[in-house]
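Undergrad: coords please:
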Amino acid sequence: MKTATAESPLVAIVDDQRDVRTTVGRGLAAHGFRAHPFASGQDLLDALEYLEPDCILLDMRMPGMDGIETLKAIPHRRRSIPVVFFTSHGDIPLAVEAMRLGATDFIEKPGSFEQIAAKLRAALSTRAKSHDPEYSSENAREIIDSLTSREREIMRLASDGMQSKEIAAHLNISVRTVESHRHHAIQKIGDGRLINIARLFRAVEGS
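TA: Residues are numbered from 1 along each chain as shown. Sure thing, here's the model as predicted:
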């Protein structure tokens with residue numbers, strides 16, 4: 001088994017059941033993934049304003065906005081993110097519909113961690129290599145220098161795997177302030193995926 005690092009793929013786990021989010025997140029960490037939990041589709045959509053996970057593991061049945069509605073509402077600029085549905089047996093026709101709408105795959109509950117990890121790796125392989133830039137030290141330095149000192153500080157912590165609430169507590173600022181800085185930084189960087197932001201900082205540190 002692998003251990004998740006700052007450069008491990010980030011999976012958004014969207015499920016209204018807290019124990020599912022926690023259990024799946026821990027299981028994926030043992031298979032080399034980082035996890036960002038969301039309790040609802042709306043929580044995910046709000047976060048996609050500043051966050052670009054590498055893959056989305058989306059529950060089909062949730063109160064309020066269900067999985068299909070969430071999939072349809074994902075903004076155009078985030079449509080390249082692979083979406084894998086987590087379904088019960090009775091939801092398979094819905095899962096097939098979701099794939100017609102652009103979902104990459106589905107996993108029938110209860111799935112083993114090995115099965116989930118394999119499905120996520122297959123989904124990640126569908127993303128074009130153009131989404132994985134290699135930064136030269138000069139290019140990386142130019143991008144990082146365009147950030148304010150606070151934006152650099154926040155994006156460095158984010159690329160280390162810290163969530164907005166944790167960053168806010170660490171820096172003694174509000175979550176809203178953290179998310180505002182993240183939003184502006186991502187606009188300057190042009191890529192919200194934390195794995196690529198980690199590559200950006202690594203390119204500078206390795207120069």
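Undergrad: Report the contact partners of the most centrally placed residue in the chain.
TA: Closest residue to the average C-alpha location of the chain: P53 at 1.9 Å, with Cα atoms, centre = their mean. Listed by Cβ atoms under 8 Å, 6 or more residues apart in numbering, the contact partners of P53 are 10-12, 36, 81, 193-194. In short, each C-beta sits where N, CA and C put it, glycine included.
Undergrad: Now tell me what touches stretch 45-52 from outside.
TA: 12, 36, 38, 70, 73-75, 78, 81, 179, 182-183, 186, 191-194.
Undergrad: same for the longest helix along the chain, what does it pack against?
TA: For the chain, the helix with the greatest residue count under DSSP state H is helix 175-189. Applying 3 or more Cβ pairs under 8 Å, 6 or more residues apart in numbering; DSSP states H and E, one finds that helix 175-189 contacts helix 149-159, helix 164-171.
Undergrad: Which stretch among those is buried most, on average?
TA: helix 149-159 (a mean of 19; mean count of other Cβ atoms under 10 Å).
Undergrad: Any chance you could list what contacts it?
TA: 6, 144, 147, 164, 166-167, 170-171, 178, 181-182, 184-185, 188-189, 194, 197-198, 200-201.
Undergrad: The same query, at a cut-off of 7 Å, please.
TA: Under the contact criterion Cβ atoms under 7 Å, 6 or more residues apart in numbering, helix 149-159 has outside partners 6, 144, 147, 167, 170, 178, 181-182, 184-185, 194, 197-198, 201.
Undergrad: Could you tell me how many residues sit around G64?
TA: 10 (other Cβ atoms under 10 Å).
Undergrad: With G27 instead?
TA: Other residues close to G27 by other Cβ under 10 Å number 18.
Undergrad: Extract the C-alpha trace of stretch 185-194 and format it as CSV.
TA: The C-alpha trace of stretch 185-194 is given here as CSV (Å, rounded to 0.1, in the frame of the first residue of the first chain):
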residue,chain,number,x,y,z
ALA,A,185,-4.1,33.0,-6.4
ILE,A,186,-5.7,30.3,-8.6
GLN,A,187,-6.7,32.9,-11.1
LYS,A,188,-3.1,34.0,-11.4
ILE,A,189,-1.7,30.5,-11.5
GLY,A,190,-4.3,29.4,-14.0
ASP,A,191,-4.6,25.9,-12.5
GLY,A,192,-6.5,25.0,-9.3
ARG,A,193,-5.4,21.4,-8.9
LEU,A,194,-3.2,21.1,-5.8
